[in-house]
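Undergrad: Quick one, structure for this:
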Amino acid sequence: MTETPKNPAGEPETSFEAAGESAGCWDDLQIGFSGSPKAKLDDRGRLKMPAEFKAFIEKKYGKDFNAFYITSREGLDAEIYPMPEWQLYQARIFKMPKGLPLRKKLMTSNALYGERADMDPQGRLLMSEELRKAGLVNVEVKVSGEGALLRVKSLTGLRESVRNNPYTAQDDEAATEYDV
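TA: As a prediction, this is how the structure comes out:
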């Protein structure tokens with residue numbers, strides 16, 4: 001076994017080195033989707049699944065898996081769930097009291113923006129017509145892994161959001177409570 005290189009202070013130089021040869025011990029099947037690769041929605045509103053997410057999907061659900069549900073809460077981004085994760089999420093919504101305003105909002109937004117999408121052999125997913133009408137077409141995006149789902153946000157919208165809501169000293173202080 002080779003020794004992990006250390007910097008002058010004796011610490012590993014990178015997080016990969018810190019993980020050593022056991023870097024594969026990161027249990028992505030438990031953590032879920034992670035990372036934020038850049039991608040592009042084509043002029044027909046199709047997203048080419050980033051390679052790292054496609055590999056994770058094949059590892060978790062099998063090589064022939066292609067069933068997803070794509071929805072949104074506001075039409076500003078897209079939430080992509082592998083169908084088994086979508087069914088678990090739906091079950092949590094269905095457990096909410098029928099008269100709860102949040103349940104009604106979620107059901108309504110899912111009815112408007114949501115649609116099953118099957119990944120084609122080239123690894124592309126088509127956004128629903130309502131999401132395409134909302135602007136998720138022919139645009140650069142970031143595809144962020146959020147555990148059980150992937151979130152697709154326009155790169156322009158993300159930049160604007162960060163500019164309009166910058167990270168502050170108060171945020172830094174609050175983050176220490178969660179050790180992040």
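Undergrad: list the contacts for residue 138?
TA: Residues in contact with residue 138 (C-beta atoms under 8 Å, 6 or more residues apart in numbering) are 41, 42, 43, 45. Backbone N, C-alpha and C define where each C-beta goes, glycine included.
Undergrad: And the pLDDT for it?
TA: Predicted confidence (pLDDT) at residue 138: the value is 91.
Undergrad: Weed out the non-buried ones from the contacts of residue 138.
TA: Among the contacts of residue 138, the ones that count as buried by 16 or more other C-beta atoms under 10 Å are 41, 45.
Undergrad: for the longest strand seen in the chain, packing partners?
TA: When the chain is parsed with DSSP state E, its longest strand is strand 139-147. The elements that strand 139-147 packs onto, with contact taken as 3 or more C-beta pairs under 8 Å, 6 or more residues apart in numbering; DSSP states H and E, are strand 33-35, strand 38-41, strand 149-154, helix 155-164.
Undergrad: Pick the most buried one from those.
TA: Stretch with highest mean neighbour count among those: strand 149-154 (a mean of 21; mean count of other C-beta atoms under 10 Å).
Undergrad: Centre-most residue in this structure?
TA: The residue lying closest to the centre of the chain (C-alpha atoms, centre = their mean) is residue 150, at 2.2 Å.
Undergrad: Who are the contact partners of that one?
TA: By C-beta under 8 Å, 6+ apart, the residues touching residue 150 are 33, 53, 79, 80, 143, 144.
Undergrad: I appreciate the help and will end here.
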